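Engineer: I would like the atomic coordinates for the input below:
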Amino acid sequence: MRVLVFFAVWLLCSAAIAAPLSVGDASLDRSTPRRAMTGFEAACASGNFSRAARFMDTRAAPRASESAELARTLCFVVERHTSVDASSIPDAPDAPGAITVATLAIEDGSVPIELSRAGFTDGVRRWVLSRATVAAIPELKATFGPHGFEERMPSFLREPYVLAMAPWQWMGLLVLAVASFVLARFFAWALLAVASRIARRTSTTLDDHLVKTATRPVRLLFIVLLFRAGATELAFSDNAWLTLSHVLSALAITSIAWLVIRFIGGGADWLEERASEGDGEFKSRGLRTQLTVLYRVASIVVFVIAIAAILLQFEVVRSVGTSLLASAGIAGITIGLAAQKSLGAIIAGVQISIAQPVRIGDTVVVDSQQGVVEEIHLTYVVLRLVDDRRLVAPIGRFLEHPFENWTKLGSALRGYVTLPADFMTPLDALRGELEASCKRSNKWDGRTCLLEVTEVQANQLQLRATVSAKDAVALWDLRCAVREDLVKFLTTYENGRSIPRARAQTVS
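Structural biologist: Predicted coordinates:
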């Protein structure tokens, strides 16, 4: 539904931009051939066929209603079957003879669309579409005239024109949009159901991922194709059809770009899933990091290409692009200086994905903050700290400054618990308590459980217990449990005689 709303807003805005001037903006100027033809086309585009008839030599049609109907038919033929370049028509009042602006071939020959000077009751000679062209309108109608829906529409649905389209055409757009949406859902469902059934019979799961990600882009593409196929029956004028075709082409490009991005994402998910199954969680971190960064880079590239393809359809944008290229030297220097940090951050993101000093899932210490790498974007990294806060660091921080990576070569870690003890502490008994504490904890991985005397001070020993665990979270819990057990042992063994104490000797 949001796609349809977006489409309707875009269509209205584009039609408003592309619509010709209304009658109120065009004067009844028939002083030159060019102004007469321009006024006729403006009246046709606005749907004011009575006014368009005033740019025709309709002396053969005595009734005003008949003149308006002749003008309606000629407008239809000129808008849909000719291409008149106003700049090639003379803009001088005294142009010699008749001016032919187009020629249409019919069964018995050809009919020229020509302008000639005709005398009016006020004695002034003005340029209008010639009597010969008006007399040939019935033949033009038989060959090129309205057919199908437009011919059967009642008069109240054929005018007034709004943004170069009749009321029945607006109603047809609404009905066509709803029908295209409903049919597109059905066709997309049928196509993807068949593709899904075929994918389930293959040995690889890649095609399953691709089919699963293609639903919405394929649906949008079907909407565009069905809408374009049905819109040909609504008999749009050249201006309206040009605007509509630009909108439909933009939506088609959008759907294709969306589909490509979803395919890239589906392929990345498949590679990550396959790496996790084959190599385990640790070895898949590097691939996850590369896929995450490269997926974002590829998405940006596809997005930029799609935007460029859309903008190239519009002549106004191409003209702006030409003007920008003329000043590319200054603009390039300015943009380069302004965007050097952003470009440097993006390049740093690519370097991170290749060199991999840090990966998704690594435990790192940045500015005395320990955390787990949760996300890696093109310009920043998100760390999940031990208290579930998030630390956002610029990605260049991991290339320009040192940091600790506790899981660079593996997730298993060793940690230390330091505590003071008295000289009388029974070290063998304390080692036995450390081993018992490690065995009681399900966080210990069985690799290291060692007690060492690291320093002898004036009144105490400095002890260090080294333990190991499978990852940083388990190591933290193990260290806390070991510290608690050792302190309890020192305070309770032989009434606390192992607690550090100061000694003094009195010399007489």
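
Engineer: C-alpha from now on. contacts and neighbour counts both.
Structural biologist: OK.

Engineer: domain ranges for this structure?
Structural biologist: 20-157, 167-326, 342-405, 413-496 (automatic domain parsing).

Engineer: mind putting those into TSV with mean neighbour count?
Structural biologist: Rendered in TSV, the data for the domains of the chain read as follows (neighbours: other Cα atoms under 10 Å):
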stretch	mean neighbour count
domain 20-157	17
domain 167-326	17
domain 342-405	18
domain 413-496	17
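
Engineer: in CSV, list the C-alpha atoms belonging to stretch 376-389.
Structural biologist: Output in CSV follows, covering the C-alpha atoms of stretch 376-389 (Å, rounded to 0.1, in the frame of the first residue of the first chain):
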residue,chain,number,x,y,z
ILE,A,376,30.6,-3.0,12.0
HIS,A,377,29.4,-0.3,9.7
LEU,A,378,31.2,1.6,7.0
THR,A,379,32.1,4.5,9.3
TYR,A,380,31.7,3.3,12.9
VAL,A,381,31.8,0.2,15.2
VAL,A,382,29.3,-0.6,17.9
LEU,A,383,30.6,-2.4,21.1
ARG,A,384,28.3,-4.0,23.6
LEU,A,385,29.8,-3.3,27.1
VAL,A,386,29.5,-5.7,30.1
ASP,A,387,26.6,-3.7,31.5
ASP,A,388,24.8,-3.8,28.1
ARG,A,389,25.6,-0.2,27.3
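
Engineer: how far does it sit from its chain's centre?
Structural biologist: Taking Cα atoms, centre = their mean, to the nearest Å, the mean C-alpha location of stretch 376-389 is offset from the chain mean by 25 Å.

Engineer: report the mean confidence score over it.
Structural biologist: Regarding stretch 376-389, the rounded mean pLDDT is 82.

Engineer: equivalent analysis for stretch 84-101, please.
Structural biologist: Mean per-residue pLDDT for stretch 84-101: 83.

Engineer: how about the domains of the chain in CSV, adding distance to Val507?
Structural biologist: As requested, these are arranged in CSV below (distance: least, Cα to Cα, whole Å):
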stretch, distance to Val507
domain 20-157, 114
domain 167-326, 64
domain 342-405, 49
domain 413-496, 19
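
Engineer: out of the ones you listed, nearest to Thr506?
Structural biologist: Relative to Thr506, the nearest member of these by Cα to Cα is domain 413-496, separated by 16.3 Å.

Engineer: first to last residue in that closest one, what's the distance?
Structural biologist: Using Cα to Cα, to the nearest Å, the span of domain 413-496 from its first residue to its last is 32 Å.

Engineer: longest helix anywhere in this protein?
Structural biologist: When every helix of the chain is counted residue by residue (DSSP state H), the longest turns out to be helix 238-311.

Engineer: quick one: mean pLDDT for it?
Structural biologist: What helix 238-311 shows for mean pLDDT is 75.

Engineer: pull the distance from it to the chain's centre.
Structural biologist: The chain centre lies 9 Å from the centre of helix 238-311; the measure is Cα atoms, centre = their mean.

Engineer: just the strands in the stretch 101-250 of the chain please.
Structural biologist: Using DSSP state E, counting those that start in this stretch, the strands of the stretch 101-250 of the chain run over 109-119, 125-129.

Engineer: in a markdown table, list the ones you listed along with distance to Arg447.
Structural biologist: As requested, the strands of the stretch 101-250 of the chain are exported to a markdown table (distance: least, Cα to Cα, whole Å):
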| stretch | distance to Arg447 |
| --- | --- |
| strand 109-119 | 96 |
| strand 125-129 | 99 |
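
Engineer: who are the packing partners of the longest helix of the chain?
Structural biologist: Contact partners of helix 238-311 among helices and strands, from 3 or more Cα pairs under 8 Å, 6 or more residues apart in numbering; DSSP states H and E: helix 2-18, helix 206-213, helix 215-231, helix 340-355, strand 369-376.

Engineer: contacts only, for the residue lying closest to Leu74 once chain neighbours are set aside.
Structural biologist: Closest residue to Leu74 apart from its sequence neighbours, by Cα to Cα, 6 or more residues apart in numbering: Ile137 at 6.4 Å. Contact analysis of Ile137 by Cα atoms under 8 Å, 6 or more residues apart in numbering lists Leu70, Thr73, Leu74.

Engineer: from Ala95, how far out is Ile137?
Structural biologist: Ile137 sits at a distance of 25 Å from Ala95 (criterion: Cα to Cα).

Engineer: now do stretch 419-431: distance from first to last residue.
Structural biologist: Terminal residues of stretch 419-431 are spaced 13 Å apart (Cα to Cα).

Engineer: run the chain-centre distance for that stretch.
Structural biologist: Averaged over its C-alpha atoms, stretch 419-431 has a centre that lies 65 Å from its chain's centre (Cα atoms, centre = their mean).

Engineer: show residues contacting it.
Structural biologist: In this structure, residues lying in contact with stretch 419-431 by Cα under 8 Å, 6+ apart are 450-451, 459-464, 486, 489-490, 497-501.

Engineer: out of these, who's nearest Ser368?
Structural biologist: Taking Cα to Cα as the measure, Arg464 is the one of these closest to Ser368, at 21.9 Å.

Engineer: SS state for that closest one?
Structural biologist: Secondary structure state of Arg464, per DSSP: H, G, I helix; E, B strand; the rest coil, is strand.

Engineer: would you mind confirming that it makes contact with Leu451?
Structural biologist: Yes. With contact taken as Cα atoms under 8 Å, Arg464 and Leu451 are classed as touching, separated by 5.8 Å.

Engineer: residue contacts, the spatially most central residue of the chain?
Structural biologist: Centre of the chain computed as the mean C-alpha position; nearest residue by Cα atoms, centre = their mean is Phe303, 5.8 Å away. Under the criterion of Cα under 8 Å, 6+ apart, the neighbours of Phe303 are Ala257.

Engineer: please repeat the previous calculation with a cut-off of 10 Å.
Structural biologist: Contacts for Phe303 (Cα atoms under 10 Å, 6 or more residues apart in numbering) come out as Thr254, Ala257, Trp258, Val260, Ile261, Val297, Ala309.

Engineer: could you do Ala469 as well?
Structural biologist: Under the criterion of Cα under 10 Å, 6+ apart, the neighbours of Ala469 are 411-415, 442-448, 475-479.

Engineer: again with Arg440
Structural biologist: If a contact means Cα under 10 Å, 6+ apart, then Arg440 has Leu434, Ala481, Val482 as its contacts.

Engineer: possible to save these as TSV with pLDDT and secondary structure?
Structural biologist: TSV is the format used below for the contacts of Arg440 (pLDDT from 0 to 100; DSSP: H, G, I helix; E, B strand; the rest coil):
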residue	pLDDT	secondary structure
Leu434	88	helix
Ala481	91	helix
Val482	90	helix
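
Engineer: closest to Leu210 out of those?
Structural biologist: Ala481 (47.9 Å).

Engineer: what's the first-to-last distance across stretch 417-435?
Structural biologist: Terminal-residue distance, stretch 417-435 (Cα to Cα): 14 Å.

Engineer: determine how far the last residue of stretch 94-104 lies from the first.
Structural biologist: Between the opening and closing residues of stretch 94-104 there is a gap of 26 Å (Cα to Cα).
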